[in-house]
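>>> Attaching a predicted model along with its sequence, questions to come.
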Amino acid sequence: MPGKSAGGEGGQQRRLLFPEGPAADPAGSHHERRIRSFRPRRGRVTAGQGDALRRLWPTWGLDIDGQSTLDLGKLFGDPGMPVVLEIGFGMGEATAQMAAADPGTGILAADVHTPGQGNLLSLAERHGLSNIRVANGDAIILLREMIEPAALAGLRVYFPDPWPKKRHHKRRLIQPEFVELAVTRLRPGALVHCATDWEPYAEQMLEVLSASLELENTQPEGGYAPRPEFEGPNGRPLTKFEGAGLDKGHVVHDLLFVRR
């Protein structure tokens with residue numbers, strides 16, 4: 001049965017399938033509507049993903065309803081654990097690998113794709129990854145309404161929707177307004193790591209991040225960073241999406257900035 005990120009028949013079906021799982025429209029009418037940087041995505045939930053959503057969502061999942069401020073220490077069961085926010089995780093394979101490689105860091109992974117949410121929960125259980133929490137809904141509302149200032153140890157945005165048509169560029173996530181909000185939720189020294197295989201979006205990311213007075217490029221001469229190897233500091237694993245892009249001749253750009 002298809003899931004959907006907001007409202008409509010798909011959302012009603014999802015609520016019937018997972019009564020204690022991710023809500024169809026968690027923020028509802030509580031918060032102003034804005035131009036969204038994501039598109040609702042239908043997807044067939046497998047039996048394993050559905051089982052994970054039913055069993056694990058009450059413990060490891062949360063809806064981005066904007067109604068309360070998160071206590072990240074309580075959320076992860078460790079007041080001293082640094083927490084990184086990952087916006088958009090697809091099916092969650094890379095997120096699970098990063099969580100396994102760095103069990104001392106909590107990953108708050110936000111997305112709107114029900115099959116991906118179920119898959120990441122399943123991977124977390126299968127591999128004993130207690131340092132993952134899955135957030136459902138709009139990451140802007142999460143940052144603006146639910147994360148305290150200077151609470152995050154990092155921000156990861158890997159391969160966000162490039163919205164390639166010019167009339168849709170306003171929908172891209174990495175905009176000055178987003179960065180202005182995000183830096184207020186990052187502690188000094190927090191790492192902002194973005195990656196894209198869409199050249200025009202990479203150029204926009206570099207321009208926007210470089211313009212922030214609160215961020216410093218890790219590259220002394222500016223520009224893009226070499227791709228961090230997964231085994232090294234700040235590394236990220238190769239995703240299926242990235243591999244498919246590389247097979248097509250796409251060039252992947254990484255951007256690493258530090259909160260001053």
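Right, received. Where do you want to start?
>>> With adjacent residues omitted, what lies nearest to residue 90?
Closest residue to residue 90 apart from its sequence neighbours, by CB to CB, 6 or more residues apart in numbering: residue 116 at 5.6 Å. Any C-beta I mention is one placed from the backbone N, CA and C, and that applies to glycine too.
>>> That neighbour and residue 241, how far apart?
12 Å (CB to CB, to the nearest Å).
>>> same check, this time on residue 46
For residue 46, the distance to residue 241 - CB to CB - is 19 Å.
>>> Output the below-cut-off pLDDT ranges for the stretch 1-150 of the chain.
Applying pLDDT under 70 to the stretch 1-150 of the chain flags the ranges 1-17, 29-42.
>>> again, 80 this time
1-20, 28-43 (pLDDT under 80).
>>> just so I have it, where are all the strands in it?
2-3, 43-44, 61-63, 83-87, 106-111, 132-136 (DSSP state E, counting those that start in this stretch).
>>> what about these, which gets the closest to residue 53?
With CB to CB as the measure, strand 61-63 is the member of the strands of the stretch 1-150 of the chain nearest residue 53 (7.7 Å).
>>> How far does the closest one sit from its chain's centre?
How far strand 61-63 lies from its chain's middle: 13 Å, per CA atoms, centre = their mean, to the nearest Å.
>>> Then stretch 135-149?
On CA atoms, centre = their mean, the centre of stretch 135-149 falls 11 Å from that of its chain.
>>> Measure how buried the residue lying closest to residue 164 once chain neighbours are set aside is and give me the count.
Distances taken as CB to CB, 6+ apart put residue 198 closest to residue 164, at 6.7 Å, once the chain neighbours are dropped. Per other CB atoms under 10 Å, the neighbour tally for residue 198 reads 21.
>>> What residues does residue 198 make contact with?
162, 164, 250 (CB atoms under 8 Å, 6 or more residues apart in numbering).
>>> Quick check: phi and psi at it.
According to degrees, to the nearest 10, the main-chain angles of residue 198 amount to phi -110, psi 110.
>>> That one and residue 206, how far apart?
12 Å.
>>> show me where the protein has helices.
Here the chain has its helices, by DSSP state H, at 8-17, 47-60, 72-76, 93-101, 114-126, 139-141, 176-184, 199-211, 240-247.
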